[in-house]
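*Asks:* Sequence first, predicted coordinates after that:
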Amino acid sequence: MQDARIRLYVEQPLAPGQAVALSRDQAHYLFTVMRLGPGALVLLFNGRDGEWRARVAVAGKHGGVLTCDAQTRPLQAPPDLWLLFAPIKKARTDFIVEKAVEMGAARVMPVQTAHTSSDRIRQDRLQAHAVEAAEQCGGTFVPEVAELVALDRLLADWPADRRILWCDESLAGARSTVLAVEKGSPWAILTGPEGGFSDRERARLRAMPQVVPVSLGPRILRADTAAVAALTLWQAVLGDWA
Ligand code: SAH
């Protein structure tokens with residue numbers, strides 16, 4: 001039996017024998033770009049039901065139907081980690097979203113800080129990037145990309161039990177904080193924009209008991225590098241690498 005290589009995110013429920021109708025774009029991708037025909041195998045995931053092997057039942061120019069066969073992998077949800085980041089230039093913001101999915105963030109939240117230059121994001125585009133990243137990295141979960149929210153507002157009703165790993169550039173060169181806390185509690189990572197955090201933001205973050213300031217080494221990293229470095233640090237110590 002031919003192996004299924006193509007992974008496709010769909011929104012429908014996945015279960016034995018379940019028929020999955022394809023959108024025009026999905027049909028175009030499978031049947032025109034990838035040249036699959038009836039009987040071909042595809043791997044499907046929807047972020048809830050794990051990964052399923054499905055067979056092409058109907059291949060049309062503008063649509064099609066797949067039929068679910070068997071589950072190939074259960075849902076593997078990432079740890080309860082949110083990535084809060086100040087959006088930067090378009091391509092670098094796309095990069096951060098893609099890396100957050102690959103690294104295993106449960107939620108991606110663009111935040112507007114005092115020195116954030118962009119005051120809007122294309123949430124739908126970023127969400128589509130997250131789906132593509134999950135398709136490509138073998139993930140069975142797609143983190144939600146939230147709408148842009150002001151950091152101040154977000155911190156105003158921040159959950160008492162969710163710690164924030166605050167990447168504080170003023171600590172560059174300081175000995176990195178050891179994350180000596182138990183695994184399994186909810187966390188968020190916070191990285192700033194190219195301009196860094198304002199004095200007001202620093203004072204506010206420092207006053208919050210949930211905040212754990214951290215240094216990412218002796219050099220000042222670009223915002224996109226900082227996001228990946230922080231995700232790596234957290235995953236290695238407290239996440240699903242540890
Ligand atoms: N303009 C600032 C640097 C901002 S770097 C300055 O010159 O100080 C962008 C973001 O990456 C920072 O807000 C911080 O969240 C993170 N970052 C970069 N380097 C870091 C480091 N060595 N330690 C901790 N955080 C860092």
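*Replies:* Looks like it arrived, so ask away.
*Asks:* When you work out contacts or count neighbours from here on, use the C-alpha atoms and nothing else.
*Replies:* Will do.
*Asks:* buried set for the helix or strand residue 98 falls within?
*Replies:* Using DSSP states H and E, residue 98 sits within helix 90-103. For helix 90-103, burial by neighbour count (16 or more other CA atoms under 10 Å) applies to 93-103.
*Asks:* State the distance from the spatially most central residue of the chain to the ligand.
*Replies:* Geometric centre of the chain, nearest residue: residue 101, 3.2 Å, by CA atoms, centre = their mean. Distance, residue 101 to the ligand, by CA to the nearest ligand atom, to the nearest Å: 19 Å.
*Asks:* For that residue, give me the pLDDT.
*Replies:* Looking at residue 101, its pLDDT stands at 98.
*Asks:* interface residues of the chain facing the ligand?
*Replies:* Applying CA under 6 Å from any ligand atom, we find that the chain lies next to the ligand at 167-169, 171-172, 191-197, 214-223, 226.
*Asks:* Could I get the contacting residues of the residue nearest to the centre of the chain?
*Replies:* 130, 133-134, 142-143 (CA atoms under 8 Å, 6 or more residues apart in numbering).
*Asks:* again with residue 204
*Replies:* Applying CA under 8 Å, 6+ apart, no residues qualify as near residue 204.
*Asks:* Am I right that it is in a strand?
*Replies:* No: assigned with DSSP: H, G, I helix; E, B strand; the rest coil, residue 204 falls outside any strand and is helix.
*Asks:* ok so, going back, in helices, which of the contacts of residue 101 appear?
*Replies:* Judged by DSSP state H, these include 130, 133-134 as members of helices.
*Asks:* among those residues, who's most crowded?
*Replies:* Counting by other CA atoms under 10 Å, residue 130 has the largest number of neighbours within the ones in helices among the contacts of residue 101, with 27 neighbours.
*Asks:* How about residues contacting stretch 70-85?
*Replies:* Residues contacting stretch 70-85 (CA under 8 Å, 6+ apart): 15-16, 47-54, 100, 104-111, 139-141, 184-193, 227, 239-240.
*Asks:* among the contacts of residue 101, which two are most distant?
*Replies:* 133 and 143 (10.3 Å; CA to CA).
*Asks:* buried set for stretch 153-164?
*Replies:* For stretch 153-164, using 16+ other CA under 10 Å, the buried residues are 162-164.
*Asks:* Include pLDDT and secondary structure when you put those residues into a markdown table, please.
*Replies:* Shown next, in a markdown table, are the buried residues of stretch 153-164 (pLDDT from 0 to 100; DSSP: H, G, I helix; E, B strand; the rest coil):
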| residue | pLDDT | secondary structure |
| --- | --- | --- |
| 162 | 97 | coil |
| 163 | 96 | strand |
| 164 | 97 | strand |
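*Asks:* Where does the prediction get shaky in the chain?
*Replies:* Applying pLDDT under 70 to the chain flags residues 1-2, 176-178.
*Asks:* Now do the helix or strand harbouring residue 53: which elements does it pack against?
*Replies:* For residue 53, the element it lies in under DSSP H and E is strand 51-59. Counting contacts by 3 or more CA pairs under 8 Å, 6 or more residues apart in numbering; DSSP states H and E, strand 51-59 is packed against strand 41-45, strand 64-73.
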